[in-house]
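Peer 1: Whatever this is, show me its structure:
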Amino acid sequence: MNTPTIPQHHKRRLQAHFGFTRLPFRKNMAAADMFDSRSQRDLRAGLLMWTELRGIALVTGYSGVGKSITLRRFLLSLDDARFHVLKFAHLPTTPVGLLRSLCRALDLPMRHHASDLFDAAQAYLASYQQDNGPHPLIVLDDAEGLAVPALDLIRRLTTYDLDAEDRFSILIAATEDILATMRHHVLEPLRSRIGYAQPLRPFSLEDTRNYIQFHLRLADADPKLLTDAAIRHIFQASRGKPRHINQICLYILIQAAIAGLDTIDGDFVAAQIAAHPLYNNPGAE
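Peer 2: Just a heads-up that it's a prediction; the model follows:
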(Lines give C-alpha, C1' and ligand atoms only; values in the text may rest on other atoms or scores of the structure.)
Protein backbone atom coordinates (compact mmCIF):
# COMPACT_ATOMS: atom_id res chain seq x y z
CA MET A 1 0.00 0.00 0.00
CA ASN A 2 1.43 3.34 -1.04
CA THR A 3 1.12 6.71 0.64
CA PRO A 4 -1.88 8.44 -0.99
CA THR A 5 -1.19 11.31 -3.38
CA ILE A 6 -2.91 14.51 -2.26
CA PRO A 7 -3.70 17.28 -4.80
CA GLN A 8 -1.76 20.51 -4.23
CA HIS A 9 -4.78 22.65 -3.29
CA HIS A 10 -5.84 20.07 -0.72
CA LYS A 11 -2.31 20.04 0.68
CA ARG A 12 -2.58 23.78 1.27
CA ARG A 13 -5.90 23.37 3.08
CA LEU A 14 -4.47 20.62 5.26
CA GLN A 15 -1.33 22.63 5.99
CA ALA A 16 -3.35 25.74 6.80
CA HIS A 17 -5.64 23.95 9.26
CA PHE A 18 -2.77 22.53 11.34
CA GLY A 19 -0.25 25.28 10.64
CA PHE A 20 2.12 22.91 8.89
CA THR A 21 5.05 24.48 7.03
CA ARG A 22 5.23 21.31 4.93
CA LEU A 23 3.10 18.22 4.56
CA PRO A 24 4.25 15.47 6.95
CA PHE A 25 4.43 11.75 6.25
CA ARG A 26 5.58 12.22 2.66
CA LYS A 27 7.55 9.55 0.81
CA ASN A 28 9.37 11.97 -1.53
CA MET A 29 12.18 12.86 0.86
CA ALA A 30 15.91 12.52 0.39
CA ALA A 31 17.15 9.25 1.88
CA ALA A 32 19.61 11.04 4.17
CA ASP A 33 16.77 13.15 5.65
CA MET A 34 14.46 10.27 6.52
CA PHE A 35 13.82 8.83 9.97
CA ASP A 36 16.31 6.21 11.07
CA SER A 37 14.97 3.36 13.23
CA ARG A 38 17.03 1.00 15.35
CA SER A 39 16.29 -1.95 13.05
CA GLN A 40 17.34 0.07 9.99
CA ARG A 41 20.61 1.13 11.65
CA ASP A 42 21.32 -2.46 12.68
CA LEU A 43 20.73 -3.71 9.15
CA ARG A 44 23.00 -1.07 7.59
CA ALA A 45 25.73 -1.83 10.12
CA GLY A 46 25.47 -5.53 9.27
CA LEU A 47 25.62 -4.85 5.54
CA LEU A 48 28.68 -2.65 5.94
CA MET A 49 30.45 -5.47 7.78
CA TRP A 50 29.32 -7.91 5.07
CA THR A 51 31.03 -5.76 2.40
CA GLU A 52 34.32 -6.69 4.07
CA LEU A 53 33.46 -10.40 3.60
CA ARG A 54 31.81 -10.03 0.16
CA GLY A 55 29.86 -12.77 -1.60
CA ILE A 56 26.05 -13.01 -1.42
CA ALA A 57 23.76 -11.31 1.10
CA LEU A 58 20.01 -11.60 1.58
CA VAL A 59 17.75 -8.96 3.13
CA THR A 60 14.11 -9.80 3.79
CA GLY A 61 11.16 -7.91 5.22
CA TYR A 62 7.45 -7.45 4.80
CA SER A 63 6.18 -5.06 2.14
CA GLY A 64 6.18 -1.51 3.48
CA VAL A 65 8.73 -2.14 6.22
CA GLY A 66 11.38 0.13 4.67
CA LYS A 67 13.78 -2.19 2.84
CA SER A 68 14.29 0.02 -0.21
CA ILE A 69 14.99 3.23 1.75
CA THR A 70 17.36 1.34 4.06
CA LEU A 71 19.21 -0.03 1.03
CA ARG A 72 19.39 3.47 -0.48
CA ARG A 73 20.98 4.79 2.70
CA PHE A 74 23.39 1.86 2.81
CA LEU A 75 24.46 2.38 -0.82
CA LEU A 76 24.91 6.13 -0.25
CA SER A 77 27.36 5.31 2.54
CA LEU A 78 29.62 3.23 0.28
CA ASP A 79 32.90 4.62 -1.03
CA ASP A 80 32.73 4.91 -4.84
CA ALA A 81 36.44 4.24 -4.99
CA ARG A 82 35.91 0.84 -3.38
CA PHE A 83 32.56 -0.31 -4.81
CA HIS A 84 30.90 -0.18 -8.21
CA VAL A 85 27.15 -0.55 -7.61
CA LEU A 86 24.91 -2.04 -10.31
CA LYS A 87 21.13 -1.66 -9.83
CA PHE A 88 18.13 -2.47 -11.99
CA ALA A 89 15.21 -0.08 -12.42
CA HIS A 90 12.97 -3.09 -13.08
CA LEU A 91 14.18 -6.55 -12.12
CA PRO A 92 13.41 -9.22 -14.77
CA THR A 93 12.16 -12.48 -13.30
CA THR A 94 13.42 -14.92 -15.95
CA PRO A 95 17.04 -16.11 -16.34
CA VAL A 96 17.38 -14.75 -19.89
CA GLY A 97 15.78 -11.43 -18.95
CA LEU A 98 18.10 -11.15 -15.96
CA LEU A 99 21.16 -11.88 -18.10
CA ARG A 100 20.10 -9.37 -20.75
CA SER A 101 19.54 -6.65 -18.14
CA LEU A 102 22.88 -7.43 -16.53
CA CYS A 103 24.74 -7.29 -19.86
CA ARG A 104 22.94 -4.05 -20.68
CA ALA A 105 24.01 -2.55 -17.33
CA LEU A 106 27.58 -3.62 -18.06
CA ASP A 107 27.47 -2.18 -21.60
CA LEU A 108 28.13 -5.59 -23.06
CA PRO A 109 26.84 -6.55 -26.52
CA MET A 110 23.65 -8.56 -26.67
CA ARG A 111 24.05 -12.22 -27.60
CA HIS A 112 21.47 -14.53 -29.08
CA HIS A 113 22.09 -17.49 -26.76
CA ALA A 114 21.70 -17.39 -22.97
CA SER A 115 24.97 -19.26 -22.52
CA ASP A 116 26.85 -16.52 -24.40
CA LEU A 117 25.21 -13.82 -22.28
CA PHE A 118 26.14 -15.75 -19.15
CA ASP A 119 29.78 -16.24 -20.18
CA ALA A 120 30.18 -12.58 -21.18
CA ALA A 121 28.69 -11.23 -17.94
CA GLN A 122 30.59 -13.61 -15.68
CA ALA A 123 33.93 -12.97 -17.41
CA TYR A 124 33.44 -9.20 -17.28
CA LEU A 125 32.47 -9.19 -13.60
CA ALA A 126 35.28 -11.57 -12.65
CA SER A 127 37.90 -9.24 -14.14
CA TYR A 128 36.27 -5.88 -13.32
CA GLN A 129 38.01 -5.18 -10.01
CA GLN A 130 41.40 -6.19 -11.38
CA ASP A 131 40.95 -3.94 -14.44
CA ASN A 132 39.12 -0.97 -12.86
CA GLY A 133 39.68 -0.96 -9.08
CA PRO A 134 36.24 -0.94 -7.41
CA HIS A 135 34.57 -4.17 -6.32
CA PRO A 136 31.32 -4.80 -8.27
CA LEU A 137 28.18 -4.98 -6.11
CA ILE A 138 24.99 -6.11 -7.87
CA VAL A 139 21.79 -5.06 -6.06
CA LEU A 140 18.65 -7.08 -6.79
CA ASP A 141 15.79 -5.25 -5.05
CA ASP A 142 12.18 -6.49 -5.10
CA ALA A 143 13.56 -9.95 -5.84
CA GLU A 144 10.60 -11.91 -4.41
CA GLY A 145 9.34 -12.48 -7.98
CA LEU A 146 12.46 -14.40 -9.02
CA ALA A 147 11.70 -18.04 -9.75
CA VAL A 148 13.98 -20.97 -8.95
CA PRO A 149 15.87 -20.92 -12.31
CA ALA A 150 16.67 -17.20 -11.97
CA LEU A 151 17.87 -17.58 -8.38
CA ASP A 152 20.01 -20.56 -9.37
CA LEU A 153 21.49 -18.42 -12.15
CA ILE A 154 22.63 -15.92 -9.51
CA ARG A 155 24.49 -18.66 -7.70
CA ARG A 156 26.12 -19.94 -10.90
CA LEU A 157 27.26 -16.44 -11.82
CA THR A 158 29.25 -16.17 -8.60
CA THR A 159 30.99 -19.53 -9.05
CA TYR A 160 34.50 -18.61 -10.11
CA ASP A 161 37.79 -20.55 -9.97
CA LEU A 162 36.22 -23.35 -7.89
CA ASP A 163 34.89 -20.79 -5.36
CA ALA A 164 38.45 -19.69 -4.52
CA GLU A 165 37.44 -16.02 -4.21
CA ASP A 166 34.54 -13.60 -4.60
CA ARG A 167 35.28 -11.43 -7.63
CA PHE A 168 31.96 -9.58 -7.21
CA SER A 169 29.13 -9.47 -4.68
CA ILE A 170 25.34 -9.73 -4.93
CA LEU A 171 22.82 -8.23 -2.52
CA ILE A 172 19.31 -9.73 -2.78
CA ALA A 173 16.43 -7.84 -1.14
CA ALA A 174 12.92 -9.22 -1.11
CA THR A 175 9.75 -9.70 0.87
CA GLU A 176 9.39 -12.76 3.08
CA ASP A 177 7.84 -14.56 0.08
CA ILE A 178 11.29 -15.34 -1.28
CA LEU A 179 11.99 -17.65 1.67
CA ALA A 180 9.46 -20.20 0.44
CA THR A 181 11.17 -20.23 -2.97
CA MET A 182 14.57 -20.52 -1.32
CA ARG A 183 13.54 -23.81 0.31
CA HIS A 184 13.49 -25.54 -3.08
CA HIS A 185 16.05 -28.37 -3.18
CA VAL A 186 17.66 -26.95 -6.35
CA LEU A 187 18.63 -23.83 -4.41
CA GLU A 188 20.51 -25.59 -1.60
CA PRO A 189 23.86 -24.54 -3.19
CA LEU A 190 22.64 -20.91 -3.25
CA ARG A 191 21.48 -21.08 0.39
CA SER A 192 24.89 -22.41 1.42
CA ARG A 193 26.63 -19.49 -0.32
CA ILE A 194 24.67 -16.71 1.37
CA GLY A 195 27.22 -15.24 3.75
CA TYR A 196 24.89 -12.77 5.46
CA ALA A 197 21.10 -12.91 5.84
CA GLN A 198 19.11 -10.41 7.88
CA PRO A 199 15.40 -9.57 8.16
CA LEU A 200 14.38 -5.93 8.52
CA ARG A 201 12.02 -5.76 11.47
CA PRO A 202 8.97 -3.46 11.62
CA PHE A 203 9.05 -0.47 13.96
CA SER A 204 8.55 -0.99 17.67
CA LEU A 205 6.02 1.18 19.52
CA GLU A 206 8.88 3.48 20.54
CA ASP A 207 10.13 3.70 16.95
CA THR A 208 6.59 4.46 15.79
CA ARG A 209 6.21 7.22 18.39
CA ASN A 210 9.57 8.73 17.42
CA TYR A 211 8.79 8.39 13.71
CA ILE A 212 5.47 10.25 14.02
CA GLN A 213 7.01 12.98 16.15
CA PHE A 214 9.93 13.26 13.72
CA HIS A 215 7.53 14.01 10.84
CA LEU A 216 5.51 16.44 12.93
CA ARG A 217 8.67 18.34 13.89
CA LEU A 218 9.68 18.58 10.23
CA ALA A 219 6.27 20.16 9.55
CA ASP A 220 6.67 22.56 12.53
CA ALA A 221 3.53 21.03 14.01
CA ASP A 222 2.46 20.93 17.64
CA PRO A 223 4.26 17.86 19.05
CA LYS A 224 1.12 17.10 21.08
CA LEU A 225 -1.11 17.04 18.00
CA LEU A 226 -1.44 13.27 18.38
CA THR A 227 -1.86 11.94 21.91
CA ASP A 228 0.02 8.88 23.10
CA ALA A 229 -3.17 6.83 22.93
CA ALA A 230 -3.62 7.91 19.31
CA ILE A 231 -0.09 6.80 18.46
CA ARG A 232 -0.71 3.42 20.10
CA HIS A 233 -3.74 2.84 17.88
CA ILE A 234 -1.70 3.82 14.80
CA PHE A 235 1.06 1.41 15.81
CA GLN A 236 -1.38 -1.46 16.29
CA ALA A 237 -3.15 -0.86 12.96
CA SER A 238 0.07 -0.38 10.97
CA ARG A 239 1.93 -3.23 12.68
CA GLY A 240 4.96 -0.96 12.72
CA LYS A 241 5.31 -0.72 8.93
CA PRO A 242 6.38 2.83 8.03
CA ARG A 243 4.49 2.89 4.72
CA HIS A 244 1.29 1.98 6.55
CA ILE A 245 2.00 4.53 9.29
CA ASN A 246 2.23 7.23 6.61
CA GLN A 247 -1.01 6.10 5.03
CA ILE A 248 -2.94 5.99 8.30
CA CYS A 249 -1.55 9.29 9.59
CA LEU A 250 -2.44 11.19 6.42
CA TYR A 251 -5.94 9.74 6.47
CA ILE A 252 -6.39 10.71 10.12
CA LEU A 253 -5.08 14.23 9.53
CA ILE A 254 -7.55 14.73 6.70
CA GLN A 255 -10.45 13.44 8.80
CA ALA A 256 -9.39 15.59 11.76
CA ALA A 257 -9.20 18.69 9.56
CA ILE A 258 -12.68 17.95 8.21
CA ALA A 259 -13.93 17.63 11.80
CA GLY A 260 -12.15 20.86 12.80
CA LEU A 261 -9.99 19.20 15.46
CA ASP A 262 -6.77 20.72 16.79
CA THR A 263 -5.86 17.68 18.90
CA ILE A 264 -6.26 14.07 17.83
CA ASP A 265 -6.94 11.60 20.63
CA GLY A 266 -7.12 7.85 20.83
CA ASP A 267 -10.87 7.59 20.53
CA PHE A 268 -10.88 9.59 17.30
CA VAL A 269 -8.07 7.51 15.80
CA ALA A 270 -9.73 4.23 16.80
CA ALA A 271 -12.96 5.33 15.15
CA GLN A 272 -11.18 6.37 11.93
CA ILE A 273 -9.24 3.12 11.73
CA ALA A 274 -12.46 1.16 12.27
CA ALA A 275 -13.99 3.06 9.34
CA HIS A 276 -10.98 2.73 7.04
CA PRO A 277 -11.62 0.11 4.31
CA LEU A 278 -8.00 -1.09 4.33
CA TYR A 279 -7.49 -1.29 8.10
CA ASN A 280 -10.84 -2.18 9.63
CA ASN A 281 -9.95 -5.89 9.68
CA PRO A 282 -7.10 -6.28 12.19
CA GLY A 283 -6.53 -9.90 11.16
CA ALA A 284 -5.81 -9.03 7.51
CA GLU A 285 -2.34 -8.43 6.08
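
Peer 1: can you give me the strands in the stretch 1-150 of the chain?
Peer 2: 56-60, 83-87, 135-140 (DSSP state E, counting those that start in this stretch).

Peer 1: Can you list the helices and strands that the second one packs against?
Peer 2: If contacts are counted by 3 or more CB pairs under 8 Å, 6 or more residues apart in numbering; DSSP states H and E, strand 83-87 sits against strand 135-140. C-beta here means a position set from N, CA and C on the backbone, and glycine is covered the same way.

Peer 1: Can you give me the pLDDT of the residue lying closest to residue 179 once chain neighbours are set aside?
Peer 2: What sits nearest to residue 179 in space, not counting adjacent residues and going by CB to CB, 6 or more residues apart in numbering, is residue 60, at 6.5 Å. Per-residue confidence (pLDDT) for residue 60: 97.

Peer 1: ditto for the one 3 residues further on
Peer 2: pLDDT, residue 63: 91.

Peer 1: Show the contacting residues for the nearest residue to it once chain neighbours are set aside.
Peer 2: The shortest distance from residue 63 to any non-neighbouring residue, by CB to CB, 6+ apart, is to residue 175 (5.3 Å). By CB atoms under 8 Å, 6 or more residues apart in numbering, the residues touching residue 175 are 60-63, 144.

Peer 1: now swap in residue 151 and tell me
Peer 2: Neighbouring residues of residue 151 by CB under 8 Å, 6+ apart: 181-182, 187, 190.

Peer 1: surely residue 21 meets residue 216?
Peer 2: No: counting by CB atoms under 8 Å, residue 21 stays clear of residue 216, with 11.1 Å between them.

Peer 1: which of those two has more neighbours?
Peer 2: Legend: neighbour count by other CB atoms under 10 Å for residue 21 and residue 216, higher for residue 216 (20 against 10).

Peer 1: and the gap between the more buried one and residue 223?
Peer 2: Between residue 216 and residue 223 the distance is 6 Å, computed by CB to CB, to the nearest Å.

Peer 1: now residue 54
Peer 2: In terms of CB to CB, residue 54 sits 44 Å off from residue 223.

Peer 1: neighbour count winner among those two?
Peer 2: residue 54 (18 against 9).

Peer 1: May I have the phi/psi pair for that one?
Peer 2: Main-chain torsions, residue 54, degrees, to the nearest 10: phi 70, psi -180.

Peer 1: Could you tell me the model confidence score at it?
Peer 2: pLDDT recorded at residue 54 is 91.

Peer 1: ok, for it, nearest residue in space, not its chain neighbours?
Peer 2: Closest residue in space to residue 54, ignoring its immediate chain neighbours: residue 166 at 4.2 Å, by CB to CB, 6+ apart.

Peer 1: ok, that neighbour touching residue 157?
Peer 2: No: using CB under 8 Å, residue 166 makes no contact with residue 157, being 11.3 Å away.

Peer 1: which stretches of the stretch 151-285 of the chain have low pLDDT?
Peer 2: Flagging of the stretch 151-285 of the chain using pLDDT under 70 yields the residue ranges 161-164, 281-285.

Peer 1: Residue 166 belongs to a helix, doesn't it?
Peer 2: No: Residue 166 is assigned coil when assessed by DSSP: H, G, I helix; E, B strand; the rest coil, not a helix.

Peer 1: the helices in the stretch 1-150 of the chain, which residues?
Peer 2: Using DSSP state H, counting those that start in this stretch, the helices found in the stretch 1-150 of the chain span residues 8-18, 38-53, 67-76, 95-105, 114-132, 148-158.
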